[in-house]
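Engineer: quick check, what structure comes out for this input:
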Amino acid sequence: MLTLTLMALTLAGAPKAPAPACTLGGPPVQARWSGTIPVASTAGVPLRLVADVPLPGGTSRFDYQSLETATGRLFISHMGAGQLVVFDVRAGRVIANLDRFPTVTGVLAVPAEHRAYASATGDHAVVVVDDSTLQIVARVAGPRFPDGIAYAPEERRVFVSDESGQQDFVLDAATNAVVARIELDGEAGNTQYDPGSHCVIVAVQTTNQLAVIDPATAAIVRRITLDKAVRYPHGVFIDAPHRLAFIAGQESATLGVLDLRTLQLRQVLPIGSDPDVLAFDPALGRLYVAAESGVVAVLDERDGSLAQLGWYRAPRAHSVAVDPATHRVYLPLADVSGHPVLRVLVPSDSH
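Structural biologist: Down below sits the predicted model:
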C-alpha cells in the first residue's frame, strides 16, 4: 500500500513549495544620514571607447535597457521613436527594430518566461514580446504612465511602476492578466526585485520613500522614508549579495547607499544632476549612474561601500547598461553628429 501511495504521489507530482516570504516587512522606518557629502571626484574615469555603433530611428530620446545575458540580446527603449531596438552584443550589431511601442520607457528581459516586457506609455500599456521570435504576444492596458519593470520569479509576477498613476501594476506572467494595483500614495519611480529578501522595492518619488511590497500578497509591508540628503528617489539598483540598495535622488543629485540589514544610509555621494538609470557590474563591483545632464558617475564597490572613480560625460547620456561577461558598457546617445548611436565602452583598468 505504501509503495502504491508513493507511486501515486510521484505520478501526480510533488506539492509545489510555497514561495519564500518577503523578509523586509515591518513598521515604518526613517533612513537617516548625518554625515557629509564628499566633493565629486575629478579623476579621469577608467573607460575606453570601443565603438559608436549606428542605431536606427531619428535623433530622439532613449530610455531604459535590459540585457539578456544568455543570448547576448540587449533590448533598448527608443522612447522618441516608439521603437524597441534589439542589439546583439556578441555580434556588435542591431538585429531588430520593433515598431508599435509608442513612447516606450521601461524594458525588462525575463529569460525564465522567454519574454521581454516594455512600457509603452503612449498606449498606457505594457507590451509583451516573445524573446525568440521578437513578436508581440500581448498588450496589457491599464497603467497611466508605465515605467520601470521588475520580475518576482517565485510568484511569476511582473511589477510595473505607474509613475503618474501613483501605483504599481502587477501582471501574472503566465496569463498576462493584471492581478493587482498597489496604491503607492505618491509618484512611482523605479521598481526592483530583491532576491535576498524576496521583496519588491519601489521608489516613491513625491513622498521621498521606498515602498516594500510582498510579491505574494501584492501588499506594501513597510515604508522607508529617506533622509533629505537623497531627495526625490527615482533610479534604484539592488546589490542583493552585499545587501545594499543604491538609490539615485533626482532633486539632490546624490546617490544613497542603503544597508538592507539596518535600513540606514551608509553613504551619500555626489552624482550628475537629474540622475536616471543605474547599472552594476557584479564581477568588477562597478556601479554606473547615468544622468540627464550627460554625466555617468562611475563608482567602485569595496568592502560594502562605494569609492568614486570619476565622471564620464556624453551628450544626453542618461541610460546605461553593462555586460557582466565582457564588462562592456552601453550608452545609447540620441544625437552624435546628427545620428543616434550606441556608444560601447570598456573599463581601461580591467583585465
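
Engineer: which intervals of the chain have sub-threshold pLDDT?
Structural biologist: Scanning the chain for pLDDT under 70 picks out the ranges 1-16, 351.

Engineer: give me that answer again for 90
Structural biologist: In the predicted model, the chain carries pLDDT under 90 at residues 1-20, 42-44, 303-304, 349-351.

Engineer: could you pull out the helices for it?
Structural biologist: Applying DSSP state H to the chain gives helices spanning 2-12.

Engineer: gap between the residue nearest to residue 72 when sequence neighbours are not counted and residue 71?
Structural biologist: Once flanking residues are discounted, residue 72 sits nearest to residue 90: 4.2 Å by C-beta to C-beta, 6 or more residues apart in numbering. For the C-beta atoms, the positions are set from N, CA and C on the backbone; glycine is no exception. Computed as C-beta to C-beta, to the nearest Å, the residue 90 to residue 71 distance reads 9 Å.

Engineer: check residue 136 too.
Structural biologist: Using C-beta to C-beta, we find residue 136 at a distance of 18 Å from residue 71.

Engineer: measure how buried residue 43 is and give me the count.
Structural biologist: For residue 43, the neighbour count with other C-beta atoms under 10 Å is 11.

Engineer: contacting residues for it?
Structural biologist: For residue 43, the contact set (C-beta atoms under 8 Å, 6 or more residues apart in numbering) comprises 308, 309, 310.

Engineer: now for the residue nearest to residue 55 when sequence neighbours are not counted: which residues touch it?
Structural biologist: Using C-beta to C-beta, 6+ apart and skipping residues adjacent in sequence, the residue nearest residue 55 is residue 340, 4.3 Å away. Residue 340 makes contact with 54, 55, 56, 57, 58, 59, 60, 62, 78, 332, 333, 334, according to C-beta under 8 Å, 6+ apart.

Engineer: quick one: which two of those are the most distant?
Structural biologist: Farthest-apart pair in these is 54 and 60; separation 14.7 Å (C-beta to C-beta).

Engineer: distance between the ends of stretch 75-82?
Structural biologist: 13 Å (C-alpha to C-alpha, to the nearest Å).

Engineer: residue 90 and residue 71: who's more crowded?
Structural biologist: Between residue 90 and residue 71, counting by other C-beta under 10 Å, residue 71 is the more crowded of the two (15 against 11).

Engineer: what's the burial count for the closest residue in space to residue 323 that isn't next to it in sequence?
Structural biologist: With sequence-adjacent residues excluded and distances taken as C-beta to C-beta, 6+ apart, residue 323 is closest to residue 89, at 5.5 Å. Neighbour count of residue 89, defined by other C-beta under 10 Å: 21.
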